[in-house]
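> Attaching a predicted model along with its sequence, questions to come.
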Amino acid sequence: MGSGALGLQTMQNEFSTARMRAVWNDEERLRKICLVERTVAQVQAEQGMIPTEAAQKIQEICRYESIHMRKLYVSAAKAGHFLAGFVQYMKGLLGKEGEFIHYGMASQDILDTAMMLQLRDAHQIVVESLRKIGRELVRIATEHKHTVAVGRGHGGHSPSTTIGFRAVVILNELDRYLTRLQEVESFIFTGVIGGVVGTQAALGQQGAVIEAEVLQRLNLSVPEVYWHTQRDRFVEYGHIMTMVSGMLQKLGQDLFDLSRGEIQEYAEPYFEGRQASTVLPTKRNPYLCEAVVNLGNLVQNQMSLLYQAQRVMHEKDTIAWRNIWVALPEMCMYLSAQLNYSYTLLHQGTFQLDQIEKNLYLDGGMKMSERLMMALAPHIGKQSAHQLMYEIANQARIDQVTFNEAVSQNERIQQYYTSDELAQLLDPHTYIGAAVEKTEHILKLFAQRHPEI
């Protein structure tokens, strides 16, 4: 139990998911450490390095179920070094065969390899969650392929877009992250048995064989050289997680803005019993959207620690190494909550179609000035048309009339277009460019690249 949000039972579900916490808890860490130690002992026995009887005893005893946690904590505290305390504790359980556990290993061999096994489990959660979000984006893009909405830039109205097109812009980015995560698996999920300075001196001529066999049994890649001082695998994965988080942060921010009382184009899910305020019983605050944005800040903040972890002195130090123990689990946990919230927003939130339609006309037609400008360009020139739109818009503000009214009364424009033609040019539904075609194209590409989704 800790004092931070992740350590408090009253708060941890807001900042992580139970499934991801189960990857990074004491039990799972010890399970992975025991698994690596058992696998090392088994291979060493097969290579004739340690007695078969010792390896068999290690297989039986070196398991989480054999550990008395309080006694292990005391052993680690006395040693002032967790893995040294762990080995000493196991030696006590193993008896004389305890001389052969952790044989020729460096602590970092075990801890880094075990952490990679944990990260691989976390990776599965991230990938599964991204696939779920991808399915929701595909659904939304398909259902709302033709749903015209206000485009927004710099906080104001811009020419029309569609809900479907917005969805595939995010889907296309998600596509890249899913692909990238799959591409880096063989590089990232790599174990290491290098010994204290990476030369495998304690294992003699059998070092390379033992490393390869152990890592193959753990289904991890075999490194070209030890990577105790190469932290780029953790940094690379963290960097991808941070980009995923940034994508979700934009999604959360956009949905938050669309939830605002002045806009009301989106509503996050509310169920019987859910409340938003102890003061205003009528409130329905977009707390899920806010959480997605906030969690992105937390993920990004931890990334700086991972970058600093690359500054390893000589062959080993814990100054940089300790950063990873803090940053990587927290990033995974924050991201798990962010992914979960984002899925809920997409799966159960609703787009308010009547309000989306109503908002298309709030600016009195200003958003259609580009279209009218380009229509006038062949007649009077593009820059001249731009200036004319600028003057009409300014005068409309002064006269307190809509842009559409000012345009319809402009004698110069009347030379080229009838009132019916102007109405068509100023209709926001008819100026969405290639939004539908682009939506269909991205949906097709995504289906080709990720048929499992």
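Cool, got the structure.

> What are the boundaries of the strands in the stretch 101-250 of the chain?
For the stretch 101-250 of the chain, applying DSSP state E, counting those that start in this stretch gives strands covering 148-153, 156-162.

> Reformat those as TSV; add mean pLDDT and mean neighbour count.
Quick note: C-beta positions are derived from backbone N, CA and C, even for glycine. Output for these, formatted as TSV (pLDDT from 0 to 100; neighbours: other C-beta atoms under 10 Å):
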stretch	mean pLDDT	mean neighbour count
strand 148-153	97	19
strand 156-162	96	18
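
> Switch the ones you listed over to a markdown table; also include distance to residue 341.
Converted to a markdown table, the strands of the stretch 101-250 of the chain look like this (distance: least, C-beta to C-beta, whole Å):
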| stretch | distance to residue 341 |
| --- | --- |
| strand 148-153 | 22 |
| strand 156-162 | 24 |
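
> Mind checking these for the one nearest to residue 317?
Taking C-beta to C-beta, strand 148-153 is the member of the strands of the stretch 101-250 of the chain nearest to residue 317, at 48.5 Å.

> Kindly format the C-alpha coordinates of the closest one as PDB.
C-alpha atoms of strand 148-153 as PDB (Å, rounded to 0.1, in the frame of the first residue of the first chain):
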ATOM      1  CA  VAL A 148     -21.600  16.300 -41.700                       C
ATOM      2  CA  ALA A 149     -20.200  18.400 -38.800                       C
ATOM      3  CA  VAL A 150     -18.500  21.700 -38.100                       C
ATOM      4  CA  GLY A 151     -14.800  21.600 -38.700                       C
ATOM      5  CA  ARG A 152     -12.900  23.500 -36.100                       C
ATOM      6  CA  GLY A 153      -9.600  25.300 -36.200                       C
END
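
> what does the model give residue 281 for pLDDT?
Looking at residue 281, its pLDDT reads 77.

> How about it, nearest residue that isn't a chain neighbour?
residue 275 (7.4 Å; C-beta to C-beta, 6 or more residues apart in numbering).

> doesn't that neighbour fall inside a strand?
No. Remark: residue 275 does not belong to a strand; assigned using DSSP: H, G, I helix; E, B strand; the rest coil, it is coil.

> what's the spacing between it and residue 10?
Plainly put, residue 275 is 17 Å away from residue 10 if you go by C-beta to C-beta, to the nearest Å.

> which of those two has more neighbours?
Using other C-beta atoms under 10 Å as the criterion, residue 275 and residue 10 rank with residue 275 on top: 11 against 7.

> Spatially, which residue comes closest to residue 49, not counting chain neighbours?
residue 206 (6.3 Å).

> Could you measure from the one you found over to residue 108?
20 Å.

> Pick out whichever of these two has more residues nearby.
residue 108 (23 against 16).

> residues contacting the more buried one?
Contact analysis of residue 108 by C-beta atoms under 8 Å, 6 or more residues apart in numbering lists 192, 194, 228, 316, 321.

> what's the lowest-pLDDT member of the residues you listed?
Within those, pLDDT is lowest for residue 316, at 88.

> Just confirm that residue is within a strand.
No. Residue 316 is assigned coil when assessed by three-state DSSP, not a strand.

> Show the backbone phi and psi for the residue lying closest to it once chain neighbours are set aside.
Distances taken as C-beta to C-beta, 6+ apart put residue 228 closest to residue 316, at 5.7 Å, once the chain neighbours are dropped. Note on residue 228: its backbone torsions stand at phi -60, psi -30 [degrees, to the nearest 10].

> Also residue 285?
Dihedral angles (degrees, to the nearest 10) for residue 285: phi -80, psi 150.

> residue ranges with poor pLDDT in the stretch 301-450 of the chain?
For the stretch 301-450 of the chain, applying pLDDT under 70 flags no range at all.

> mind listing the strands for it?
Going by DSSP E, counting those that start in this stretch, the stretch 301-450 of the chain shows strands at 350-351.

> now the angle between strand 156-162 and the helix ranked longest in the chain, please.
Criterion DSSP state H: the longest helix present in the chain is helix 107-143. Here the directions of helix 107-143 and strand 156-162 differ by 80 degrees (axes from the mean of the first three to the mean of the last three C-alpha atoms, to 10 degrees).

> Quick one: distance of helix 107-143 to the chain centre.
The chain centroid and the centroid of helix 107-143 are separated by 9 Å under C-alpha atoms, centre = their mean, to the nearest Å.

> for stretch 81-96, same thing?
Worked out by C-alpha atoms, centre = their mean, stretch 81-96 lies 38 Å from the chain centre.

> What of stretch 287-305?
The answer for stretch 287-305 is 10 Å, by C-alpha atoms, centre = their mean.

> Quick check: buried residues in the longest helix of the chain?
107-123, 125-126, 129-130, 132-138, 140-141 (16 or more other C-beta atoms under 10 Å).

> got it, and stretch 50-60?
So stretch 50-60, judged by 16+ other C-beta under 10 Å, has buried residues 50, 54, 55, 57, 58.

> cool, stretch 430-446 as well?
Neighbour-count burial for stretch 430-446 [16+ other C-beta under 10 Å]: 431, 432, 435, 438, 439, 440, 442, 443, 446.

> residues in contact with that stretch?
134, 138, 141-142, 145-146, 148, 159-162, 164-165, 167-169, 171-172, 175, 368, 371, 424, 453.

> same thing but at 10 Å, please
134, 137-138, 141-142, 144-146, 148-149, 151, 159-172, 174-175, 178, 367-368, 370-372, 374, 423-425, 453 (C-beta atoms under 10 Å, 6 or more residues apart in numbering).

> Likewise for stretch 47-62?
Outside stretch 47-62, the residues that reach it (C-beta under 10 Å, 6+ apart) are 33-46, 66-67, 86, 90, 93-104, 203-204, 206, 209-210, 213.

> switch the cut-off to 7 Å
34, 37-38, 41-42, 44-45, 90, 93-94, 97, 100-101, 103, 206, 209-210 (C-beta atoms under 7 Å, 6 or more residues apart in numbering).

> swap in stretch 223-234?
108, 187-188, 190, 192, 194, 198, 306, 309-310, 312, 315-316, 320, 324, 328.

> Pretty sure residue 364 sits against residue 404.
Yes. Applying C-beta atoms under 7 Å, one finds residue 364 in contact with residue 404, separated by 5.8 Å.

> my read is residue 270 is in a strand, agree?
No. With three-state DSSP as the criterion, residue 270 is located in coil rather than a strand.
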